[in-house]
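Colleague: Kindly generate the corresponding structure for this input.
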Amino acid sequence: MARYIGPKSKIARKLGEPIYGPDKHFEKKNFPPGQHGMNKRRRKQSEYGVQLMEKQKAKYTYGVLEKQFYNLFERASSSHGITGENLLKLLESRLDNVVYRLGIAPTRNGARQLVSHKHITVNGNVVNIPSYSLRSGDIVSVREKSKSLEVVVNSLTSARHNKYSWLEWDSEQMAGRFLNSPERAEIPENIKEQLIVELYSK
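Modeller: Numbering: from 1, shown residues only. Sure, this is the predicted structure:
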């Protein structure tokens, strides 16, 4: 599957936020990349530009490609409720995101790799599709033969469990339960989802 594998600090600088986590390069150069990055007289962004930037931020944060993102938006808009909030709920329900939130992997990219390499099970069955959408009550666990993987052990050692109210973690079984889709106020990502809705509504 295609995915972004370029320099992450450059994307973070472009979006103005360390979306991939703590980044010393971003802290040192907290301005857009390029020769005009530090120019304070840069042209003011248009309304479309602001909306597009917000969509790009959401895409890069969750590691979703353009077509996938648009399909998720279509699902969100056809569901009951507020479209923007539905979109974030769908993104949070992805298997790779939940593996990351549970602390099984230190990053979403790492979580995607664990899923793709068949180290993760859902309700006892191996699932190797990162975009797999979880339902309330689903149990996500580390495959028995993968529980000793160094990357998994190190990540779980440093992770803070029970950090998210919509997830439940059992350290003995190395398994977590997806209780329900989170409410907007519970999602920590700094994304203005209404701007994304406005962009797609044009």
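
Colleague: contacts, neighbours, all on C-alpha from now
Modeller: Will do.

Colleague: For the chain, just list every one of the helices.
Modeller: Assignment of helices within the chain using DSSP state H yields the ranges 8-15, 24-28, 47-62, 66-78, 83-92, 95-101, 108-116, 150-158, 193-200.

Colleague: so which of those comes closest to residue 181?
Modeller: helix 83-92 (5.8 Å; CA to CA).

Colleague: and the angle from the closest one to helix 47-62?
Modeller: Going by axes from the mean of the first three to the mean of the last three CA atoms, to 10 degrees, helix 83-92 is angled at 20 degrees with respect to helix 47-62.

Colleague: Show the low-confidence segments of this structure, by residue range.
Modeller: Along the chain, the parts satisfying pLDDT under 70 run over 1-43.

Colleague: In TSV, list the helices of the chain along with distance to residue 126 and mean neighbour count.
Modeller: Shown next, in TSV, are the helices of the chain (distance: least, CA to CA, whole Å; neighbours: other CA atoms under 10 Å):
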stretch	distance to residue 126	mean neighbour count
helix 8-15	30	20
helix 24-28	37	13
helix 47-62	22	18
helix 66-78	22	15
helix 83-92	20	21
helix 95-101	12	25
helix 108-116	9	20
helix 150-158	16	15
helix 193-200	32	17
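
Colleague: Tabulate those (TSV), appending distance to residue 139.
Modeller: TSV is the format used below for those (distance: least, CA to CA, whole Å):
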stretch	distance to residue 139
helix 8-15	31
helix 24-28	36
helix 47-62	21
helix 66-78	23
helix 83-92	15
helix 95-101	11
helix 108-116	14
helix 150-158	17
helix 193-200	28
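
Colleague: Mind checking those helices for the one nearest to residue 175?
Modeller: Closest of the helices of the chain to residue 175 is helix 95-101, at 9.8 Å (criterion: CA to CA).

Colleague: hmm, who's touching that closest one?
Modeller: The contact list for helix 95-101 (CA atoms under 8 Å, 6 or more residues apart in numbering) reads 62, 91-92, 105-108, 110-112, 115, 129-134, 140, 164, 178.

Colleague: can I assume residue 55 is in contact with residue 197?
Modeller: No - with contacts counted by CA atoms under 8 Å, residue 55 stays clear of residue 197, the gap being 9.1 Å.

Colleague: mind checking how far residue 172 is from residue 142?
Modeller: Look at residue 172 and residue 142: by CA to CA, to the nearest Å, they are 11 Å apart.

Colleague: My read is that residue 141 contacts residue 120, right?
Modeller: Yes - in this structure residue 141 lies within contact range of residue 120 using CA under 8 Å: 5.8 Å.

Colleague: more crowded one of those two?
Modeller: Comparing residue 141 with residue 120 by other CA atoms under 10 Å, the one with more neighbours is residue 120, at 28 against 25.
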